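A.B. asks: I need the structure of the sequence given here:
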Amino acid sequence: MSRASSYDLGRQFMERIGQFQRPLFLLAHHDDEIPTGGLLQRLGAGKRIVWVTNSDGLYFESDKTPAEYGLLRIAEGLTSVANGGVGADAVTNLGFSEVEIYRQLSRLYQGVQTMADARPFFQAIRDRVREAVLDLRPDAVFTLAWQGGQPEHDLTHFFTMLALGDLQKATGKRPEFFHMPAYEYTILVAMRFHPLYRGQRIRLRLSGVELAAKMRMMEAYPSQVRLFGDFQKLFGIVGKIGHVTGGPKSAEEYVTIEEFGPVPEGLDYTAKPHAFDYFTYMFDDFEGVPVTFTKSVRPIVQSFLADPG
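C.D. replies: So this is what the prediction gives:
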């Protein structure tokens, strides 16, 4: 899609956004709402958010235990989405520990446990995601893109896809299903689908008021403030290209544009998102043990495709 057609699709999307009475953001982590914080603001009063994890994964950067850090991140998340127009009564935290998820993924990589051993742990996540979707009965679902940037993003997308199948069986209706890119190749491709992506791209350009609210959402997370500072430094170099190509010239201008799209039909969840495992979940590990698609995530996908549970 050309840039112009992506913006045209954005205008078409906005013409019908009012049709969504029960839109749902189903996310892995507290802060995953930031890349499409403007979209979140534009959705109607019936919008809901479900976070799958307690976001305790970076506890080691603090002086807190994983449980304490998770509670802090949940509180940060509530502040963030309140700035995006979502009250605490419209938020659900499933509370699964990132630390434990990564422990399970690393054990699969090592081969010290089989998928049969790991199945009950991931079945619990599958069940809670399904329960949330069946309870809320959304008419549009927005989740993280299946892109090989972060394993919990991909697993959240996968379990959301399964849950929508359950909802269709229960009601005869399937919500519109959208995915939102976060990052891949660390942050080399951030908040955009990669250049070879063949699916439909929808782009929105935020107003100044929407951007200001989005920045307040980000400021609820000290970790995101640090990351955005690094992003601004990167644009000190990359932005020079924008002056020549007509692309964004600053980090602020970059985040003014939001990209998402409908999940492509026939997506093969058993296929590696990248040609080589090295480029999938780059540098992700648990206590020095790598986490990869082939050895950590694919066995989960294959197990649940064979037996959805």
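A.B. asks: do a quick rundown of the strands in the stretch 151-300 of the chain.
C.D. replies: Here the stretch 151-300 of the chain has its strands, by DSSP state E, counting those that start in this stretch, at 176-180, 183-184, 189-190, 202-205, 257-262, 285-286, 289-290.
A.B. asks: hey, least reliable of the ones you listed by pLDDT?
C.D. replies: If you rank the strands of the stretch 151-300 of the chain by mean pLDDT, strand 189-190 sits at the bottom with a mean of 84.
A.B. asks: now do that strand: which elements does it pack against?
C.D. replies: Contacting strand 189-190 under the criterion 3 or more CB pairs under 8 Å, 6 or more residues apart in numbering; DSSP states H and E is no other helix or strand. All C-beta atoms are positioned from the backbone trio N, CA, C, and that covers glycine.
A.B. asks: can you list the strands that it pairs with?
C.D. replies: The pairing partners recorded for strand 189-190 under DSSP bridges are strand 183-184 (antiparallel).
A.B. asks: can you give me the helices in the stretch 201-309 of the chain?
C.D. replies: 208-219, 222-245, 251-256, 298-306 (DSSP state H, counting those that start in this stretch).
A.B. asks: comparing those, which gets the lowest mean pLDDT score?
C.D. replies: Note on the helices of the stretch 201-309 of the chain: lowest mean pLDDT is at helix 222-245, with a mean of 59.
A.B. asks: before we move on, the earlier item: got the strands of the stretch 151-300 of the chain as TSV, with mean neighbour count and distance to L211 columns?
C.D. replies: Below are the strands of the stretch 151-300 of the chain laid out as TSV (neighbours: other CB atoms under 10 Å; distance: least, CB to CB, whole Å):
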stretch	mean neighbour count	distance to L211
strand 176-180	21	17
strand 183-184	21	20
strand 189-190	18	17
strand 202-205	20	10
strand 257-262	20	10
strand 285-286	18	35
strand 289-290	16	38
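A.B. asks: now the residue nearest to K47 when sequence neighbours are not counted. Its backbone dihedrals?
C.D. replies: Once flanking residues are discounted, K47 sits nearest to P23: 4.8 Å by CB to CB, 6 or more residues apart in numbering. Here is the backbone geometry of P23 (degrees, to the nearest 10): phi -70, psi 140.
A.B. asks: what pairs with P23 across the strands?
C.D. replies: Beta-bridge pairing for P23 (DSSP bridges): A140.
A.B. asks: thought it was touching I49?
C.D. replies: No - taking contacts as CB atoms under 8 Å, P23 lies outside contact range of I49: 9.8 Å.
A.B. asks: output the below-cut-off pLDDT ranges for the stretch 1-150 of the chain.
C.D. replies: Across the stretch 1-150 of the chain, the ranges flagged by pLDDT under 70 are 1-4.
A.B. asks: for it, which segments count as strands?
C.D. replies: Under DSSP E, counting those that start in this stretch, the stretch 1-150 of the chain gives strands at 23-27, 48-53, 91-96, 140-144.
A.B. asks: need those strands in CSV (columns: distance to Y69 and mean neighbour count).
C.D. replies: As requested, the strands of the stretch 1-150 of the chain are arranged in CSV below (distance: least, CB to CB, whole Å; neighbours: other CB atoms under 10 Å):
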stretch, distance to Y69, mean neighbour count
strand 23-27, 18, 26
strand 48-53, 12, 25
strand 91-96, 13, 18
strand 140-144, 21, 25
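A.B. asks: okay, these in a markdown table with distance to A124 next?
C.D. replies: Shown next, in a markdown table, are the strands of the stretch 1-150 of the chain (distance: least, CB to CB, whole Å):
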| stretch | distance to A124 |
| --- | --- |
| strand 23-27 | 16 |
| strand 48-53 | 11 |
| strand 91-96 | 8 |
| strand 140-144 | 19 |
